[in-house]
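> just to be clear, the model below is a prediction. Sequence and coordinates:
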Amino acid sequence: ACGGGDGGGSRGGGKAAALPAATGKDDLRGACPATVTLQMNWYPQAEHGGLYHLLGPSPKVDADHKTLTAPLTVDGHDTGVRFQIRSGGPVTGFQPVSSLMASDPSITLGVVATDEQVAQAGTHRLQAVFSPMDVNPQIIMWSPQAHPDWKTIADVGRGGATVLYANGASFMDYLTSSGQLRRSQLDGSYDGSPARFAASGGKIAQQGYVTNEPYSYEHEVTAWRKPVAFQLVHDTGYAIYPESVAIRPADKARLAPCLKRLVPIFQRATAEYMRDPAETNRMIVDAVRRFNTTAAYTAEHARFAHEALGRYGIVRNGADGVLGSFDTARVQKVIGLLRPLEARGGKPVPAGLSAGDLVTGEFLDRSVHL
């Protein structure tokens, strides 16, 4: 896992003025660890803006370890604990967050998708307590000029074109087992580069995110520079929660006093970010610049991502009207979809695994909604 603390790397801003102390339920001293550490699965992005919103505008930036640390801030008030967000993906060798949390007890919380939870349930089980996104932003995309008759992923399957994806994506097993794509179409060598899609003239299809590729291919990929068409994987019946905030079940009793106060703060911060993303987006863009990643992240890109979160219902109230809640029937359906797929891959899902093992709404404030 990424290193903790404040040491090393470049720092954001000068010395910040002391914040007034939070009171009441927003005072986290004594209830939460002195530093609440959140392990992400990628670099800072607008998709996670509600979580980064709690860092305030000028967190300390550790460019070596790709972490951001600041007082956990609510409505301009210091809650009395620090908040550290650690980047994942390339930073951690693409290790699953569940594996990182199993090996590093300094991580308090991690973001995890339902399908990863199911796949890891027998070895590194996590229980999600809050879901910032209700809909998975992953897509399969194609050229509307090359394939004007394609409207859905099933159309891609009937057309027989190559589908480029990153090997290991569980939704591809679902799409082939459900007959929407053919296994003979799949090419698992996607490395994030736009080169093959552009070189094909859009004849192939490719995985992506509705918050990312539609913007980057139209505005940033010089070899393309035009719109793409797509369908959300969510709309094919693979309705995972994409990046929920989760704990180790063994930590639940110890963290419960913290979670009762912290989870409602996460809910409110997500709603606040969706209403007014500007300051948080500036901080995210600056952090990515300071991290010196291989891919730039511009203010325009962050603005597009935030707008896409609302336009496509990625961030929305749960089926019960509560922001960040879980539909246990939906989670149970995902378990059922994945059970035969995981067994086929040699990783059987534990017998009797239920939605309640993977998600809980007990710490949510049911009055918080968009």
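Structure received.

> low-confidence stretches in the protein?
1-17 (pLDDT under 70).

> go with 80
1-17, 56-57, 168, 294-295 (pLDDT under 80).

> longest strand of it, counting residues only.
strand 77-86 (DSSP state E).

> helix or strand right after it?
helix 97-103 (DSSP states H and E).

> ok so, going back, what helices or strands is the longest strand of the chain leaning on?
strand 35-39, strand 67-74 (3 or more Cβ pairs under 8 Å, 6 or more residues apart in numbering; DSSP states H and E). Every C-beta, even on glycine, is put in place using the N, C-alpha and C of the backbone.

> put together JSON lines for the ones you listed, with distance to Q267 and mean neighbour count on each row.
JSON lines is the format used below for those (distance: least, Cβ to Cβ, whole Å; neighbours: other Cβ atoms under 10 Å):
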{"stretch": "strand 35-39", "distance to Q267": "15", "mean neighbour count": "22"}
{"stretch": "strand 67-74", "distance to Q267": "12", "mean neighbour count": "23"}
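
> right, and those strands - which one's nearest G157?
strand 35-39 (35.3 Å; Cβ to Cβ).

> excluding chain neighbours, what is closest to A70?
Spatial nearest neighbour of A70, excluding adjacent residues (Cβ to Cβ, 6 or more residues apart in numbering): P59 at 3.7 Å.

> just to check, the one you found is in contact with D286?
No - using Cβ atoms under 8 Å, P59 is not in contact with D286; the gap is 9.6 Å.

> who touches stretch 274-283?
Stretch 274-283 has contacts (Cβ atoms under 8 Å, 6 or more residues apart in numbering) with 12, 46, 49-50, 52-53, 55-59, 273, 299, 302-303, 306, 309-310, 315, 370.

> coming back round to it: neighbour count for P59 and D286, which is higher?
P59 (27 against 19; other Cβ atoms under 10 Å).

> list the contacts of that one.
Counted by Cβ under 8 Å, 6+ apart, P59 has contacts 12, 68-70, 283, 287.

> now distance to K333 too, for those, in a markdown table please.
Formatted as a markdown table, these follow (distance: Cβ to Cβ, whole Å):
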| residue | distance to K333 |
| --- | --- |
| G12 | 43 |
| L68 | 36 |
| T69 | 38 |
| A70 | 39 |
| M283 | 37 |
| A287 | 36 |
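
> still on that earlier bit, out of the helices and strands packed on strand 77-86, nearest to Y190?
The nearest among the helices and strands packed on strand 77-86, by Cβ to Cβ, is strand 35-39 at 24.3 Å.

> which elements pack onto that closest one?
strand 77-86, helix 97-103, strand 109-112.

> okay, the angle between the first one and strand 35-39?
Put plainly, it is strand 77-86. 40 degrees (axes from the mean of the first three to the mean of the last three Cα atoms, to 10 degrees).

> show residues contacting strand 77-86.
With Cβ under 8 Å, 6+ apart as the criterion, strand 77-86 contacts 1-2, 4, 18-23, 26-29, 32-40, 44, 51-52, 54-55, 65-73, 107, 265.

> got the phi/psi numbers for F94?
Backbone geometry at F94, expressed as degrees, to the nearest 10, gives phi 60, psi 30.

> how close does it get to I314?
23 Å (Cβ to Cβ, to the nearest Å).

> more neighbours: which of those two?
Just comparing F94 and I314: by other Cβ under 10 Å the higher neighbour count belongs to I314, 22 against 12.

> ok, L259 touching I247?
Yes - if you go by Cβ under 8 Å, L259 and I247 touch, sitting 7.4 Å apart.

> please enumerate the shared neighbours of these two.
With Cβ under 8 Å, 6+ apart as the test, L259 and I247 both reach V129.

> could you pick out the longest helix of the protein?
Longest helix in the chain by number of residues, with DSSP state H as the criterion: helix 252-275.

> report the next helix or strand after that helix in sequence order.
That would be, after helix 252-275 and using DSSP H and E, helix 278-291.

> got the angle for that following helix vs strand 67-74?
Using the same axes, to 10 degrees: helix 278-291 against strand 67-74 is 160 degrees.

> may I see the buried residues of helix 278-291?
280-281, 283-288, 290-291 (16 or more other Cβ atoms under 10 Å).

> same question for stretch 342-362.
342, 349, 353, 355, 357-361.

> could I get those residues as JSON lines with secondary structure?
Formatted as JSON lines, the buried residues of stretch 342-362 follow (DSSP: H, G, I helix; E, B strand; the rest coil):
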{"residue": "E342", "secondary structure": "helix"}
{"residue": "V349", "secondary structure": "coil"}
{"residue": "L353", "secondary structure": "coil"}
{"residue": "A355", "secondary structure": "helix"}
{"residue": "D357", "secondary structure": "helix"}
{"residue": "L358", "secondary structure": "helix"}
{"residue": "V359", "secondary structure": "strand"}
{"residue": "T360", "secondary structure": "coil"}
{"residue": "G361", "secondary structure": "coil"}
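
> format the residues you listed as TSV; extra columns: distance to E243.
What follows is these, written out as TSV (distance: Cβ to Cβ, whole Å):
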residue	distance to E243
E342	20
V349	21
L353	20
A355	17
D357	19
L358	14
V359	13
T360	17
G361	17
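
> ok, so of those residues, who is nearest M141?
E342 (26.8 Å).

> what ranges do the helices span in this protein?
For the chain, the helices defined by DSSP H occupy 49-52, 97-103, 114-120, 153-159, 170-177, 195-199, 213-219, 252-275, 278-291, 299-311, 328-344, 355-358.

> out of those helices, flag the one nearest A239.
helix 328-344 (5.4 Å).
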